[in-house]
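K.L.:
pasting the sequence and the predicted coordinates here, then a few questions.
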Amino acid sequence: MKIGFIGAGRMGRPMVDRLTAAGHEVTVLARRPEARASAEADGLPSAATVAATVCSADVVIVVVLSDDQVRSVCLDPDGAVAAMKPGATLIQHTTSDPETVHLIALQGADKGIRVLDAALSGGPHDVVAGELTLWVGGDEVVLNEMRQLLETYASPVMFVGPLGNGQRVKLVNNALFVAHVGLAVDAVRLAKALGIGGDMILAAVKHGSGASRGLGVVASAGSVYAVGDRLGDLMRKDVAVVREVAQRSGADLGIIGAVLSSYAVEANVLRSRSAPKSS
């Protein structure tokens, strides 16, 4: 297939590499100079604008950082939807407001542009291994047409219902993950109060029934505070979207919301500017 790929950065670039290795013709748009230079150095076809990236593509894949960026590259007058050819498919991977993918589908409807809401879970190493998790909302018939393409870099590829549900699953997942990280931070506090060192409790519990991926991330980071230093920006962005979507939907975040608002999360995971790091 001819693919226009918007966002060949930390997550997107290994996807591009796997798609290219599978024989697809990929044109990339990378905004960061270092990402653009890397693509050009490796001989990847690149374009300077969104329109030039997508105009001849059968499939457009979007892997940018934020909801605002998705709306800009997809919905602006010179964005992807306006420039895509009729009947092409747009696959949106970026964590965003579920409403955004509906706006994309609405704008592209007159041109017959098909949209898949393909939220992802995992990191670059999962892409390299072909083991990225995808939760896909949209038309299952379209997903089945695109499944072989997506399985170039993802497994499992899970259908989760109507358009927007991919993002809804991702938001619940991310809220739970950040809560798990916060609980792991507080577990270290409790362990220290009981006379057990942080490294010891993290090493022990990861082999027990209290283990979680969040606890594993804290343990591998070397300290409870290093996680916030490394992932705080991403987690802060995701939690903001979760809160906004829940409020608009009238959904109660419940216990998860209480953990997300706790000192352990605000000060040590999300790095709230108003809350100092605990000792």
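P.N.:
On my side now, so go ahead.
K.L.:
please count neighbours and contacts with C-alpha atoms only from this point.
P.N.:
Fine.
K.L.:
using CSV, list the CA coordinates for the helix or strand hosting Pro14.
P.N.:
Using DSSP states H and E, the element containing Pro14 is helix 12-21. Taking Å, rounded to 0.1, in the frame of the first residue of the first chain, the C-alpha atoms of helix 12-21 are listed here in CSV:
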residue,chain,number,x,y,z
GLY,A,12,6.2,6.3,14.8
ARG,A,13,9.7,5.7,13.4
PRO,A,14,9.9,2.0,14.3
MET,A,15,6.4,1.6,12.8
VAL,A,16,7.6,3.1,9.6
ASP,A,17,10.6,0.8,9.6
ARG,A,18,8.4,-2.3,9.9
LEU,A,19,6.0,-1.1,7.3
THR,A,20,8.8,-0.4,4.9
ALA,A,21,10.4,-3.8,5.6
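K.L.:
for it, buried residues please.
P.N.:
Within helix 12-21, the residues that count as buried by 16 or more other C-alpha atoms under 10 Å are Gly12, Arg13, Pro14, Met15, Val16, Asp17, Arg18, Leu19, Thr20.
K.L.:
what's around the nearest residue to the second one once chain neighbours are set aside, how many residues?
P.N.:
Once flanking residues are discounted, Arg13 sits nearest to Gly7: 7.7 Å by C-alpha to C-alpha, 6 or more residues apart in numbering. By the measure other C-alpha atoms under 10 Å, the count of residues near Gly7 is 24.
K.L.:
with Ala258 instead?
P.N.:
Applying other C-alpha under 10 Å, we find 12 other residues in the vicinity of Ala258.
K.L.:
gap between the helix holding Pro14 and the chain center?
P.N.:
16 Å (C-alpha atoms, centre = their mean, to the nearest Å).
K.L.:
show me what secondary structure element comes after it.
P.N.:
That would be, after helix 12-21 and using DSSP H and E, strand 25-29.
K.L.:
now for that next one, which elements pack on it?
P.N.:
In terms of contacts (3 or more C-alpha pairs under 8 Å, 6 or more residues apart in numbering; DSSP states H and E), strand 25-29 is packed against strand 2-6, helix 12-21, helix 50-54.
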